[in-house]
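Novice: Have a look; sequence and predicted model below, questions after that.
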Protein chains: 4
Amino acid sequence: MTELSVSAHRSDSDLDGDTLHEECGVFGILGHPDAATLTALGLHALQHRGQEAAGIVTFDGKQFHNEKRMGLVGDHYTDPATLAKLPGFIAIGHTRYSTTGEVALRNVQPLFAELEVGGIAIAHNGNFTNGLTLRRQLIAGGAICQSTSDTEVVLHLIARSRYTSTADRFIDAIRQMEGGYSMLAMTRTKLIAARDPIGIRPLVMGELDGKPIFASETCALDIIGAKFIRDVENGEVIICEVQPDGSISIDARKAGTGQPERLCLFEYVYFARPDSMVGGRSVYVARKNMGINLAKESPVEADVVVPVPDGGTPAALGYAQESGIPFEYGIIRNHYVGRTFIEPTQQIRAFGVKLKHSANRAMIEGKRVVLVDDSIVRGTTSLKIVQMIRDAGATEVHLRVASPRIYYPDFYGIDTPDREKLIANQYDSLEAMCKYIGADSLEFLSINGLYRAVGGEDRNDTRPQFTDHYFTGDYPTRLLDKDGETMGRKVSVLASNG
Amino acid sequence: MTELSVSAHRSDSDLDGDTLHEECGVFGILGHPDAATLTALGLHALQHRGQEAAGIVTFDGKQFHNEKRMGLVGDHYTDPATLAKLPGFIAIGHTRYSTTGEVALRNVQPLFAELEVGGIAIAHNGNFTNGLTLRRQLIAGGAICQSTSDTEVVLHLIARSRYTSTADRFIDAIRQMEGGYSMLAMTRTKLIAARDPIGIRPLVMGELDGKPIFASETCALDIIGAKFIRDVENGEVIICEVQPDGSISIDARKAGTGQPERLCLFEYVYFARPDSMVGGRSVYVARKNMGINLAKESPVEADVVVPVPDGGTPAALGYAQESGIPFEYGIIRNHYVGRTFIEPTQQIRAFGVKLKHSANRAMIEGKRVVLVDDSIVRGTTSLKIVQMIRDAGATEVHLRVASPRIYYPDFYGIDTPDREKLIANQYDSLEAMCKYIGADSLEFLSINGLYRAVGGEDRNDTRPQFTDHYFTGDYPTRLLDKDGETMGRKVSVLASNG
Amino acid sequence: MTELSVSAHRSDSDLDGDTLHEECGVFGILGHPDAATLTALGLHALQHRGQEAAGIVTFDGKQFHNEKRMGLVGDHYTDPATLAKLPGFIAIGHTRYSTTGEVALRNVQPLFAELEVGGIAIAHNGNFTNGLTLRRQLIAGGAICQSTSDTEVVLHLIARSRYTSTADRFIDAIRQMEGGYSMLAMTRTKLIAARDPIGIRPLVMGELDGKPIFASETCALDIIGAKFIRDVENGEVIICEVQPDGSISIDARKAGTGQPERLCLFEYVYFARPDSMVGGRSVYVARKNMGINLAKESPVEADVVVPVPDGGTPAALGYAQESGIPFEYGIIRNHYVGRTFIEPTQQIRAFGVKLKHSANRAMIEGKRVVLVDDSIVRGTTSLKIVQMIRDAGATEVHLRVASPRIYYPDFYGIDTPDREKLIANQYDSLEAMCKYIGADSLEFLSINGLYRAVGGEDRNDTRPQFTDHYFTGDYPTRLLDKDGETMGRKVSVLASNG
Amino acid sequence: MTELSVSAHRSDSDLDGDTLHEECGVFGILGHPDAATLTALGLHALQHRGQEAAGIVTFDGKQFHNEKRMGLVGDHYTDPATLAKLPGFIAIGHTRYSTTGEVALRNVQPLFAELEVGGIAIAHNGNFTNGLTLRRQLIAGGAICQSTSDTEVVLHLIARSRYTSTADRFIDAIRQMEGGYSMLAMTRTKLIAARDPIGIRPLVMGELDGKPIFASETCALDIIGAKFIRDVENGEVIICEVQPDGSISIDARKAGTGQPERLCLFEYVYFARPDSMVGGRSVYVARKNMGINLAKESPVEADVVVPVPDGGTPAALGYAQESGIPFEYGIIRNHYVGRTFIEPTQQIRAFGVKLKHSANRAMIEGKRVVLVDDSIVRGTTSLKIVQMIRDAGATEVHLRVASPRIYYPDFYGIDTPDREKLIANQYDSLEAMCKYIGADSLEFLSINGLYRAVGGEDRNDTRPQFTDHYFTGDYPTRLLDKDGETMGRKVSVLASNG
């Protein structure tokens, strides 16, 4: 489910819960007169990381401005009237995919608070594994929480910090947070970026016209012609500040504990845009490598390699190049499905995967087909696609998956279905899974095949180069909320609208 | 500007800022299965106290529910789909007129907070004279304010109170608040009502099917067929609680300092509905008495008494009965103006008062007319009405106003224009004012005439029976925010939308 | 149900179908640079004649412009953005109450057609009694009807007329139409006004800055300060045209058959605004006279005369003056009900009339009350109001109605309930009706009492001065559609939206 | 600009007018209980043929139902509430791209008329070359046109036909129409399909559960699992009718004049979905063949073949396979741009093509790149893409276009820019064009190369197998409106909203 042309559209697979979702993308810039416009463009480039809502906060020297909208960045933030409400030279923005059913605007980031030392806005990508625990402590201490967002917990910690400067308060606050996150904050003069101690979520630093920029991925720099400087390091806090003379100071600190970086492998497998560089590596090349390794590990005699669009396309190209089997578009994707916000009738849902995909019969009929997909979550989509390929006249259908089997939920910002709904936990053998899906054969990339595709080396089991907990159960942090809480994610006691 | 048929519609006079506005109405009920529906009806009856927005919070035994809407109660809360989102047996509701330009939904009451001891929602009518001062202290103490509403300050005080029970925390909080207010609060089991120490804003207690109800005015009891029990006393806190056996306990406490009650005279002059009983007195009778006393104090030879609708009608009827001059509808009001939410063009505004009022020429032409209005704020409307009556052929126009001249701003929940815009401060003599307005004569009711109309006795200058600061400058409380703050009401530093 | 302050709001009575509705108001102006703005104001003054939708067509020398909106005039046509879309110096407008459930915008007038000789727009108030018959003939002749409006039939007749000039085609068309109507038409240079042969519906001519204006009532002239010229006569067609030199020619022709005028009495009883002059008579004075005559015909000993607002107010004032019994506001009307577009829940509807009216107990308790209303249609509202007055403590309730009993449906533009739902057809004696309503006594004004109140003389039975068919069954025209068609008003075969 | 995954999204190129647009897609089904749902799905599959609006008409045995919506099919017609308004067993639907600025709903097809013989609805894809001429004649004959759509002209011709049966009237009407069109009509019992005399626009017949279906392309059959029967022939009218016994009769007639078929080549180059069969040929295979022929005609030494997504992808794959140069995704497309209905600011537009496309630097840097696109219209997009590829570090950029140069406008349903804006008319040599675009070399597919790719043979110049007028100026019909009318397409004289 990675992407050919970037298109993490909400689609049938989403309706079936058969997709993983990243929660968010962030973007910030300091010192530029077009701060809001550039932030809107950056968020547009990060749209694949969250399509539900987007927000931007700016500061214009006198006042903070905040716009929040449900829906896509391009639907709202390209409108001159909206941008006109966001004057200023500092901006941070956020695009969001909600993990809960709660879509109220008050949860849309960035969140803002007026502190004694002045206003502060923050936005983050990722998730805190002790957010509920801290929230409970804060409420016991007399804090009032208006949203169900963990971001608000960070705001309260900043507001209550005993430190004086905003930067120190910010560092004080994030030191109390556990989990995987990339966070941006802004005040009247500062833009602050921070990444969690082991760097699970990505965050890069760039520069345009000498002004610092932070973004979840490099594609957000490319869209505005900004220069990539470097990745924000794991556990690093970078504080940029406009000085009285207009110059910008940059102060990089280590807030973390010196642990090695462990980026999330799913950024390479599925989330990041193929044209982004994540951790210094081309996502597209990594995905092609996954296909190449998959062809080496699990070859098959066939007439045609067909990608499951859009995620499986680069791996399919790698598989075809390695195997010498022709690459063809055997499945056509209808991109118009993407934005179907209105829940379809049961009648229409019964037509299933065809709303999004259709078979290109001329390339399928009478052929032995290798289908290449990026990953399998619940398997419901794979089942329909294999059936569709058979209906179009394929004589054999071999499914090759460019990542290992997913056994465990994520707690660092990826929305995963309940454990028992993961196909890997429903069928204990590849054979059983293959039979369920209806393919003639089914193979997954090995964990080492994946590590080599991304980083060039096998997994270092004593000190893994990435985090791969969804495949292995090896969680890189403790899970305070989860272990202390049997109920799972507690919903707000206030159901609100409007 | 009182009312004949209740109709404090937003209208041309509003566009000119030539009206006073009450900020809010409140309603609450405990223990009734139709809590939200009854609250919606109660708020509908209180619509004249605030037309900008309305909110309702309910609790259904498990969860709190909250709906907020811009606009009229009847436009939203009669909709079955909306009411279905508000299940439960406890409800409080609020209808609001905003004193600032800020109309964001996050400011719409009731406001809710999740405390350690459980959720609490509060709503109030009135204004705190130390709200900004307390807000500043709270932010210095690490609190995060999400709205610009003073109500949120009360929530923070409750959240931070060292007391254990919600009722004690509530009392602890309102003891810190100064000003004029009637407040309702609800928790999972309790409905709490409170009135400020001198009872500036009204609040009544009623009962339906044995269940306690609180509302700003008795008309909100009448609409649902509820029985009036008594006024909540000044400085009183009444705590109603559902007991485990389903019965309801009622605990009335005194939170105030034993000062005598001083109800706001403008409730009688203009705000309250004519069919309401305020402080045990019929508002309609009080208004007719104002007209009777006005006729005694300022008689004039004329052919016809014409009310300025809708506010001047009861007083005009009193004036006509006392003077023996026939009462006629010489001005017709177009009620459709009421809801013109779209700002009219300059071109249309130039047509002025005629959008709302038109002369009934058949009753005016060739006649000596006594116009009776309830009050004059800036005088711009009076000017246009007198001109309209002259244009319709009146030979003389005598304006009689059923309350004294307004010299001072209010700080207890009435939205008054800047002092220098009050006509009484622009013209120091009645003659000058009369000339500006263009009438043949102009007279106001005396302060004693007003006191007698409402309470039967002259003003007791050492211990006034009511608060009359807009006429006399005799403010009944200290004004901490005002005196400590030269800038006036500080606007939020975050300009927000959506 | 006439009006005190003009307020034919949609209200509870409407929900019960217990009101009569006029279908439309029209306004047109020729040669004025602010044509659309003036038309918007005129329609606003005519809002009581139809609140469902409004449309305006203008011509700017090059192009016709058309805006249509569901809802009130003031909600849309005061918006500068809307008016900016209506440039030009000729305009006609229409405000509409729909008699069918069909609310599609394509039915909103004015309707427009591009003819060979140029564009034409038309709008009318009233109804054609042979509209369906003609529609059927047109379809048989190959015409395509896009709306369900009879106005479109007129357009087709104009388009198919064998005459050359637009004016001749227009006269040719309306000569084929039967019924009661006041119609306006506009072309690139002309404004045309026409009234049906016996003048059932009103239409007046006025003038502003030397430019001709036509409107349903004089109140639409008053709002813009225009001068009243004269009534358009029954059967008259007035053609105003801008000449090449900018001057305006006016050509008045007789299209009718020389019959005497018979204005609709219900314009005086209920529809027209009290400040309008209809047929040269003050509506307000006519209504007061109805009350005076009612007091003479049906006196009663009582303590207080209470109008049923807003319709009964002028008659109640007349009743009080004639009888010497004090006039008091014993019922308070909540004008906010007016615009409740969202259908209330059954739960809320059960609270009935109180959403709109409430008793002013201080004026009712312990008193003998004379209630005065303008008319009774189904009686359901009267029933609730009498009960409300009793509940408020009245010792006696006497209902006096300022018009005769309604027995027959209207076919000239008034929306009447089915015959069997009219209370006069349900109870054959006054006693039975009085018992149903729950009053101590019930009396209606006599037909001669009504004629004298309006025109000063008894009904001339051989040649009645007005049309009074709802009271008498004496229809002033033949009823072609009704008599030829057993199914009643045929609904469109296309159910459409959007 | 063909498609990889089907995605004729409105995008930057559209903002620049640098794309051709098909006007419409049609779908109809007879005798199926889920007629509306199946039509919605069919239209969804045809979404690439028109994204502006969609309409569906059904008949349920008693009444016709019609829903029209601006926007995408999936945004409205998957909603159970909308489908519930479309009951019935016959349905036709239409999806539309507007060629004019006029987007009023009244222009959205299908259009409906009530005839003497019963209702009829029609919808078509294509354009009439004598539509204005006929419209003028109809208006002269007294017809009233409500829309600016040529479809209405057909309705009038049907309504005015002297034939008795609907089918005969329909044939009578389309015999008067000239141009290129595929049309569907429905009555209470019939579904009628027709294609223009030379079959410029495609139309296929299918079958589901024994019920006949017509659709613009086969992909609309595939989505619902319907079986493809055959193409509707050029000049053919197929009348399907439900018989009293529930069976369906099918009557195929020839309305045309026996001319040979000449399908529009642009269906193969760009419009049709790659998985559709048009004229019995796979669109995907035709596009790959265009790339293969292009590689043969215009080879170049290079390191990588990069498609301009999505249109150029199949041709690029063909080019890569023929040339042996590796195929890589050097350009990433952001599909979220697709639905940006809000016009972006000038500031954002200045960022140009990057809103939609971004370079995948890892596949470009240091490489000689062959870019393959499907066609070039104005060249503004090509210019930006070539620049983007250079900026990403390509050492050489060679542009290969899989169709000939476009010199002439279309009059059969494709929206083409003014002739002088076509790049082929701005630069008379390939060299000049190449220099403008900034490529190292530029080549177009020859006309014979295109004919061979689609039909296997060179162009038969005396009797061309397809219509190719945009390349050659050889228009297959006379152009009555164009030749008789110097002003071009006349706009309606009524500017309307709502």
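Specialist: On my side now, so go ahead. Numbering: from 1, shown residues only, chains lettered A, B, ... in the order given.
Novice: Would you mind listing where chain A has pLDDT under the threshold?
Specialist: Under the criterion of pLDDT under 70, the regions of chain A flagged as low confidence span A:1-17, A:19-22, A:98-106, A:256, A:337-353, A:484-498.
Novice: repeat that for 50
Specialist: A:1-15, A:100-101, A:339-341, A:486-492, A:497-498 (pLDDT under 50).
Novice: tell me the domain boundaries of it?
Specialist: Following the TED database, one finds the domains of chain A at A:25-261, A:285-463.
Novice: Dump those domains to TSV, plus mean neighbour count.
Specialist: All C-beta spots, glycine's among them, are computed from the backbone N, C-alpha and C. Conversion of these to TSV gives the following (neighbours: other CB atoms under 10 Å in any protein chain shown):
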stretch	mean neighbour count
domain A:25-261	22
domain A:285-463	21
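Novice: and chain B, which of those domains is closest to it?
Specialist: In this view, those are compared for proximity to chain B by CB to the nearest CB, and domain A:25-261 is the closest at 3.7 Å.
Novice: is chain C contacted by the closest one?
Specialist: No: counting by CB under 8 Å from any CB of the partner chain, chain C has no neighbours in domain A:25-261; the shortest distance is 12.6 Å.
Novice: What is the end-to-end distance of that domain?
Specialist: The straight-line separation of the ends of domain A:25-261 (CA to CA, to the nearest Å) is 20 Å.
Novice: now the domains of chain A as a markdown table including distance to B:Gly199?
Specialist: Supplementary listing: those in a markdown table, determined by distance: least, CB to CB, whole Å:
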| stretch | distance to B:Gly199 |
| --- | --- |
| domain A:25-261 | 29 |
| domain A:285-463 | 51 |
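Novice: For C:Ala315, which of those domains is the nearest?
Specialist: Set against C:Ala315 and scored by CB to CB, the domains of chain A come closest in domain A:25-261, at 52.2 Å.
Novice: can I get the domains of chain A in JSON lines with distance to chain D?
Specialist: Below are the domains of chain A laid out as JSON lines (distance: least, CB to the nearest CB, whole Å):
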{"stretch": "domain A:25-261", "distance to chain D": "4"}
{"stretch": "domain A:285-463", "distance to chain D": "3"}
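Novice: Of those, give the one that comes closest to C:Gly279.
Specialist: Distances from C:Gly279 to each of these were compared by CB to CB, and the smallest falls on domain A:25-261, at 51.1 Å.
Novice: Check the offset of that closest one from the chain's centre.
Specialist: 15 Å (CA atoms, centre = their mean, to the nearest Å).
Novice: And the helices in the stretch 101-250 of chain A?
Specialist: A:131-140, A:150-160, A:166-176, A:219-222 (DSSP state H, counting those that start in this stretch).
Novice: Put together TSV for the ones you listed, with distance to A:Phe27 on each row.
Specialist: Written out in TSV, the entries for the helices of the stretch 101-250 of chain A read as follows (distance: least, CB to CB, whole Å):
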stretch	distance to A:Phe27
helix A:131-140	23
helix A:150-160	16
helix A:166-176	18
helix A:219-222	5
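Novice: Which parts of the stretch 301-450 of chain A are helices?
Specialist: According to DSSP H, counting those that start in this stretch, the stretch 301-450 of chain A carries its helices in the segments A:313-323, A:346-349, A:380-391, A:423-426, A:430-437, A:447-455.
Novice: I'd like these as TSV, with distance to chain B appended.
Specialist: Converted to TSV, the helices of the stretch 301-450 of chain A look like this (distance: least, CB to the nearest CB, whole Å):
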stretch	distance to chain B
helix A:313-323	36
helix A:346-349	21
helix A:380-391	32
helix A:423-426	32
helix A:430-437	39
helix A:447-455	39
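Novice: between the ones you listed, which gets nearest to A:Asp18?
Specialist: Evaluated over those, closeness to A:Asp18 peaks at helix A:380-391, with 4.6 Å, by CB to CB.
Novice: tell me the angle that closest one makes with helix A:430-437.
Specialist: For the pair helix A:380-391 and helix A:430-437, the angle between their directions (axes from the mean of the first three to the mean of the last three CA atoms, to 10 degrees) equals 70 degrees.
Novice: Remind me what helix A:380-391 packs against, helices and strands.
Specialist: Under the contact criterion of 3 or more CB pairs under 8 Å, 6 or more residues apart in numbering or on different chains; DSSP states H and E, the helices and strands touching helix A:380-391 comprise helix A:12-15, strand A:331-333, strand A:357-359, strand A:368-373, strand A:396-401, helix A:430-437.
Novice: how about these, which one is nearest D:Arg69?
Specialist: Closest among the helices and strands packed on helix A:380-391, once you apply CB to CB, is helix A:12-15, at 21.1 Å.
Novice: Of all the helices and strands packed on helix A:380-391, which one is nearest C:Pro476?
Specialist: For C:Pro476, the closest of those is helix A:12-15, at 63.5 Å, according to CB to CB.
Novice: looking at the helices of the stretch 301-450 of chain A, which is closest to C:Asp374?
Specialist: Judged by CB to CB, the one of the helices of the stretch 301-450 of chain A that comes nearest to C:Asp374 is helix A:346-349, at 53.1 Å.
Novice: returning to what we had before: any chance of the helices of the stretch 101-250 of chain A in TSV, with distance to chain B too?
Specialist: Formatted as TSV, the entries for those read as follows, by distance: least, CB to the nearest CB, whole Å:
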stretch	distance to chain B
helix A:131-140	5
helix A:150-160	4
helix A:166-176	10
helix A:219-222	23
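Novice: which one of the ones you listed lies closest to C:Gly456?
Specialist: With distances scored as CB to CB, the stretch of the helices of the stretch 101-250 of chain A nearest to C:Gly456 is helix A:150-160 (75.9 Å).
Novice: Could I get the CA-only coordinates of that closest one as PDB?
Specialist: These are the backbone C-alpha positions of helix A:150-160, laid out as PDB (Å, rounded to 0.1, in the frame of the first residue of the first chain):
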ATOM      1  CA  ASP A 150      -2.600  14.400  23.900                       C
ATOM      2  CA  THR A 151      -1.200  17.700  22.600                       C
ATOM      3  CA  GLU A 152      -3.100  19.500  25.200                       C
ATOM      4  CA  VAL A 153      -1.300  17.500  27.900                       C
ATOM      5  CA  VAL A 154       2.000  19.000  26.600                       C
ATOM      6  CA  LEU A 155       0.400  22.500  26.700                       C
ATOM      7  CA  HIS A 156      -0.500  22.000  30.400                       C
ATOM      8  CA  LEU A 157       2.900  20.700  31.200                       C
ATOM      9  CA  ILE A 158       4.400  23.800  29.600                       C
ATOM     10  CA  ALA A 159       2.000  26.100  31.400                       C
ATOM     11  CA  ARG A 160       2.700  24.500  34.700                       C
END
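Novice: Packing partners of it?
Specialist: Here helix A:150-160 is seen to pack against strand A:111-115, strand A:118-128, helix A:131-140, helix A:166-176 when contacts are counted using 3+ CB pairs under 8 Å, 6+ apart.
Novice: who's in contact with that helix?
Specialist: When contacts are defined by CB atoms under 8 Å, 6 or more residues apart in numbering or on different chains, helix A:150-160 is touched by residues A:109-111, A:113, A:115, A:120, A:122-124, A:127-128, A:131, A:134-135, A:138, A:141, A:143, A:145-146, A:166, A:169-170, A:172-174, A:176-177, A:183, B:139, B:142-144.
Novice: Point out the other helices and strands that the lengthiest helix in chain A packs with.
Specialist: Taking residue count as the measure and DSSP state H as the definition, the longest helix of chain A comes out as helix A:283-297. Applying 3+ CB pairs under 8 Å, 6+ apart, we find helix A:283-297 packed against helix A:313-323, strand A:396-401, helix A:447-455.
Novice: mind saving the C-alpha coords of the shortest one as PDB?
Specialist: The C-alpha coordinates for strand A:396-401 follow below in PDB (Å, rounded to 0.1, in the frame of the first residue of the first chain):
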ATOM      1  CA  GLU A 396      -2.600 -18.300 -11.900                       C
ATOM      2  CA  VAL A 397      -2.400 -15.600  -9.300                       C
ATOM      3  CA  HIS A 398       0.700 -15.400  -7.100                       C
ATOM      4  CA  LEU A 399       0.600 -12.800  -4.300                       C
ATOM      5  CA  ARG A 400       4.000 -11.300  -3.200                       C
ATOM      6  CA  VAL A 401       4.100  -8.900  -0.200                       C
END
